[in-house]
Every structure is written in structure tokens, then in C-alpha cells.
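Student: I would like to see how this sequence folds:
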Amino acid sequence: MNKLSGLVSAVVLMMLVSCAEQYSVVGNSSESILDGRMAYIKTIDNNTYQTLDSCEVLHGNFHMAGPLDSVRFVTLFLGDDSFIPFVLEEGDVLISIQNSQIRIGGTPLNDRLFVFFTSRDSLAMLRAELPKRESQMYLEGYSQDEILDVLSTEQMKLNQSLDKLETKFITDNFDNVLGVTWFLELCNRAYNMFGYATTTPQIDEIYGQAPESFRQQPAIKAFMDEAK
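Tutor: Down below sits the predicted model:
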């Protein structure tokens, strides 16, 4: 009877372990310089990066997998270089690095994150092109006042588009780690800009729409309490 009881317990334990959520991060790269480097999944804890998993990059491929205790926003490091932010969640996270182009996906939150990053980067590239536009307009004979008027208007529109994109991304993801993480990114930007915890109109707008479960996230609550 004891042997049977022990066998049943072992089977039950195996079933529980097998039913636990698992993550799998599968990566490939065309960059031969990455071969032989260590790939790390790291998360920030008390302002310090902590390693959750690691493996070696072999022939452009790497794979890390294990049990998942919670969904986290993490960063892929290749060697000492901070490389790719992504969400560690149940399922197969696919990361592709091809000719300096990075793609993440394979799981619901990472698919959302990639769409957001793609839209954000497109707007950021347009904003980065403005200094070149200034030189081009100068060569075309525009006056300095005309150039300033046109480019300042374009920059304002791009900044507004970026704000709207980020705001929608956060509000669409109030119920998961994407919304929390990117809201804290806005808070961190405000802190770095002013040198102390404070809000911006964008932060106030988002916080005003947020459900109580979002507001009670420990890091968000701590920042907003300090900013008051």
C-alpha cells in the first residue's frame, strides 16, 4: 500500500510539473560575430540586472527553456550587450536577428510588442531625418525662418503621434505587463528630464484612465506617491 501510495504521489507530482507553464526562447541570427557568445535572459530587480537563464550561441542559434513562475518583461543580452527587450511568457518566443533587422514574436504579448516597436521606430526615424531636411531646404533656397516654421511644425506633429501611439499602447494593455512596463518607461523619462519624480500631461492622462488594479502595481504606486 505504501509503495502504491508513493507511486501515485510521484505520478501526481509529475502531472503537476508537466502542467506548469513553460517558456521557450528560440533565436537565430545571421551575424557570425555572435557565434560563441553567451545569450542571457535578464530582468531588473532593485535596479540591478539578474540572470534568469543563459546558453551559448552556436551556428547562429540559441535556445533557452524552463518553468515560468510569472510573466515578465525581460531583456536578451548577447555577451555584455543589452540587445532585445521582450516578454517572457508561456509558449515559444521567436527572436530573429537577420542583417541587423530584429524581429520578435510567436506569443501574444510579443506579437503586440513587435507591432508597437515597428510603429514607434518608424516615427522615430522620421523625426531623426529632420536635420537632413533642414540642410536640404537651406540648399533649395528657403530662409531660416521658413525652415524653422516647417520643421518645427513637422516635429510637433511627430511628437504628438509618438505620444498617441504610446498612450494607446499602454491603455490597450492596462491588464498586462506591457502596459505596466511602458508606463514606468514614461515615468523614468520624466524623472531623468527633471531630476525628480514628477508627472507629465501624458502620464496624468493615462493614469486618469487606468483601472485600480493598474494603479496599485507596486512600482507605479511608489512613483505616483513620490510624484504627488
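
Student: what is the rounded mean pLDDT of stretch 99-114?
Tutor: Average pLDDT, stretch 99-114: 93.

Student: which residues does residue 190 contact?
Tutor: 197-200, 203 (Cβ atoms under 8 Å, 6 or more residues apart in numbering). To be clear about C-beta, it is placed using only N, CA and C from the backbone, and glycine gets the same treatment.

Student: same deal with residue 119?
Tutor: Residues near residue 119 by Cβ under 8 Å, 6+ apart: residue 165.

Student: Just say helix, strand or coil for it.
Tutor: helix (DSSP: H, G, I helix; E, B strand; the rest coil).

Student: Could you report the distance from residue 223 to residue 184?
Tutor: According to Cβ to Cβ, to the nearest Å, residue 223 stands 7 Å off from residue 184.

Student: How about residue 39?
Tutor: 25 Å.

Student: more neighbours, those two?
Tutor: residue 39 (23 against 16; other Cβ atoms under 10 Å).

Student: what phi and what psi does the backbone show at the residue nearest to the spatial centre of the chain?
Tutor: Geometric centre of the chain, nearest residue: residue 85, 4.4 Å, by Cα atoms, centre = their mean. Backbone geometry at residue 85, expressed as degrees, to the nearest 10, gives phi -80, psi 140.

Student: cool, and the one 10 residues further on?
Tutor: When read as degrees, to the nearest 10, the backbone of residue 95 gives phi -120, psi 120.

Student: What helices and strands are in contact with whichever strand or helix holds residue 166?
Tutor: In the assignment (DSSP states H and E), residue 166 maps to helix 144-172. Contacts defined by 3 or more Cβ pairs under 8 Å, 6 or more residues apart in numbering; DSSP states H and E place helix 144-172 against helix 108-128, helix 130-139, helix 177-194, helix 201-209.

Student: Return the most buried member of those.
Tutor: helix 177-194 (a mean of 17; mean count of other Cβ atoms under 10 Å).

Student: pLDDT below threshold where in this structure?
Tutor: In the predicted model of the chain, residues 1-20 satisfy pLDDT under 70.
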